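Participant: For reference, the sequence and a predicted model appear below.
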Amino acid sequence: MGHDHGHDHTHGANKKALFISFLITSGFMIIEAIGGFLTNSLALLSDAGHMLSDSVSLGVGLLAFTLGEKVADYSKTFGYKRFEILAAVFNGVTLVFIALYIFYEAYQRFIDPPEVASIGMLVIAIIGFAVNVLVAWILMRQGDTEDNLNLRAAFLHVLGDLLGSVGAIVAALLIMFFQWGWADPLASVIVASLVLISGVRVSRESVHVLMEGKPKNVDLDEVVQSITSIDGVQSIHDLHVWSITSGQNALSCHAVVEDDLTVSECQSLLRGIEHELEHQKIGHVTIQLENDDHPHDDSLMCQLDTESHH
C-alpha cells in the first residue's frame with residue numbers, strides 16, 4: 001500500500017512538472033520561431049523546431065499521464081498506462097525527423113550563407129537559454145527523470161534545447177565579431193546531432209518496453225536466485241519479466257515446490273517470494289505453484305535451472 005502511495009506521489013509531481021514546463025516552453029517557442037524568421041537565423045529556427053517538439057513532447061506526456069490514470073476495465077485489463085510508452089515512441093520518432101530536416105536546411109545554408117541579424121539572434125538565444133535552464137530545473141526538481149521514460153524523453157528534449165541555445169549564442173557572437181556566416185548553419189547541425197541522438201535513444205528504449213523486454217533496472221540472475229533461495233522452492237521455469245509502463249515491472253513464472261506443502265505453507269511461500277521481488281523492483285507478481293509430477297515445458301529458464309541444480 002505504501003508502495004502505491006509513493007508511486008501516486010511521484011506521478012502527481014511528474015504531471016505538475018510537465019504542465020508547468022509545457023506552458024513555459026510553448027510560450028517561448030512561439031517567440032523564438034518569430035525571432036528566427038525576423039533575424040533569418042537557422043540556428044534559432046532549428047532551436048524553435050526543437051522547442052516545438054518539446055512542446056509536443058510535454059503535451060503528449062501530459063496526455064499520457066492523464067490517460068494513464070484511467071482505471072483498468074474489461075477491454076484494457078492493465079489500464080491505460082501503456083499510452084505513456086506510445087507517447088515516448090512518438091516523441092523519439094518526431095525528434096529523428098526534426099533532426100533530418102535541420103541537416104537538410106543547414107546543408108543548403110552552407111552552400112549559400114544568408115544574411116543574419118546577429119544582435120536580434122543573440123538576444124533571443126540568451127532568453128532561450130534562460131527559459132531552458134528554468135524548465136530543466138523544474139523537471140529535475142519536481143519530476144522523476146531517472147525512472148520515468150516519458151518524463152526522461154521530455155527532459156532530454158529540454159537538455160538538447162539548452163545546448164541548442166548555447167550554440168545559437170556562440171553563432172550569433174561569431175557572426176557579430178567575425179562575420180562568419182557559416183557559424184549559423186554549423187550551430188544548427190550541432191543541435192540536430194543532439195536531437196538525433198536523443199530521438200534514437202528514446203525510441204529504442206520505448207520499443208524495448210513495447211516488445212516486453214526485460215526492464216533495465218532488473219537483474220534476471222538475481223531474480224532467479226532470490227526465488228530459488230526460498231525454502232520449499234525447488235526450481236522455476238517459464239519466467240517472464242516485463243514493464244507495464246515506466247517504473248512498473250511485472251513478473252510471471254511457474255515455481256516447482258516440494259510435494260508435502262500445506263495450503264498455508266504455500267501461501268506463506270508466495271508471500272515470501274513477493275516480498276523478495278519487491279526488493280528487485282518488481283511490484284506485480286503472478287506465480288503458479290506446481291509439484292514435480294506436473295508436466296512443464298523445457299523453456300529457457302527451465303533448462304538454466306536444471307543445469308544449475310545438477
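Facilitator: Now that the structure is in, tell me what you want to look at.

Participant: switch to C-alpha atoms for all contacts and neighbour counts from now on
Facilitator: OK.

Participant: ok, the residue nearest the centre of the chain - contacts?
Facilitator: In the chain, the residue lying closest to the centroid (CA atoms, centre = their mean) is L149, at 2.0 Å. L149 is in contact with 85, 88, 202, 206, 246, counting by CA atoms under 8 Å, 6 or more residues apart in numbering.

Participant: What separation is there between it and R109?
Facilitator: 35 Å (CA to CA, to the nearest Å).

Participant: Please apply the same query to A250.
Facilitator: 50 Å.

Participant: ok, those two, which is more surrounded?
Facilitator: A250 (20 against 17; other CA atoms under 10 Å).

Participant: Is that one in a helix, a strand, or coil?
Facilitator: Recorded secondary structure, A250: strand (DSSP: H, G, I helix; E, B strand; the rest coil).

Participant: Chain neighbours aside, what residue packs nearest to it?
Facilitator: H284 (4.5 Å; CA to CA, 6 or more residues apart in numbering).

Participant: Ramachandran coordinates for the one you found?
Facilitator: Backbone dihedrals for H284, given as degrees, to the nearest 10, come out at phi -110, psi 110.

Participant: residues in contact with it?
Facilitator: Listed by CA under 8 Å, 6+ apart, the contact set of H284 reads 248-251.

Participant: which one of those sits closest to K216?
Facilitator: Nearest to K216 out of these is N249 (CA to CA; 10.2 Å).

Participant: helix or strand for V285, which one?
Facilitator: Element membership for V285 (DSSP states H and E) is strand 284-290.

Participant: buried sites along that strand?
Facilitator: By 16 or more other CA atoms under 10 Å, the buried positions in strand 284-290 come out as 284-285, 287, 289-290.

Participant: Flag the least confident of the contacts of L149.
Facilitator: Ranked by pLDDT, these bottom out at S246, which scores 73.

Participant: Quick check: that residue vs E146, distance?
Facilitator: Distance, S246 to E146, by CA to CA: 10 Å.

Participant: and if you look at H254?
Facilitator: From H254 to E146 the distance is 32 Å (CA to CA).

Participant: Between the two, which has more neighbouring residues?
Facilitator: In this view H254 and E146 are compared by other CA under 10 Å, and H254 has more residues nearby, 19 against 12.

Participant: That one against V285, yeah?
Facilitator: No - contact criterion CA atoms under 8 Å: H254 and V285 do not qualify, at 11.3 Å.

Participant: that older thread, now render the contacts of H284 as JSON lines, adding distance to L58 and pLDDT.
Facilitator: Below are those laid out as JSON lines (distance: CA to CA, whole Å; pLDDT from 0 to 100):
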{"residue": "Q248", "distance to L58": "21", "pLDDT": "84"}
{"residue": "N249", "distance to L58": "24", "pLDDT": "91"}
{"residue": "A250", "distance to L58": "27", "pLDDT": "92"}
{"residue": "L251", "distance to L58": "30", "pLDDT": "94"}
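
Participant: Dump these into a markdown table; add distance to A33 as well.
Facilitator: Listed next are these as a markdown table, based on distance: CA to CA, whole Å:
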| residue | distance to A33 |
| --- | --- |
| Q248 | 38 |
| N249 | 41 |
| A250 | 44 |
| L251 | 47 |
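
Participant: Poorly predicted segments of the stretch 151-300 of the chain, please.
Facilitator: 293-300 (pLDDT under 70).

Participant: Okay, helices next: where are they in the stretch 51-200 of the chain?
Facilitator: 83-111, 118-142, 149-178, 183-210 (DSSP state H, counting those that start in this stretch).

Participant: In TSV, list those helices along with distance to K16.
Facilitator: Shown next, in TSV, are the helices of the stretch 51-200 of the chain (distance: least, CA to CA, whole Å):
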stretch	distance to K16
helix 83-111	16
helix 118-142	8
helix 149-178	11
helix 183-210	22
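
Participant: Mean neighbour count, those helices: which tops it?
Facilitator: helix 149-178 (a mean of 24; mean count of other CA atoms under 10 Å).

Participant: quick one: that helix to chain centroid distance?
Facilitator: Its chain's C-alpha centre and that of helix 149-178 lie 20 Å apart, by CA atoms, centre = their mean, to the nearest Å.

Participant: got the contact list for stretch 22-39?
Facilitator: With contact meaning CA under 8 Å, 6+ apart, stretch 22-39 is reached by 42-45, 47-49, 51-52, 54-55, 58-59, 116-118, 120-121, 124, 128, 131-132, 135.
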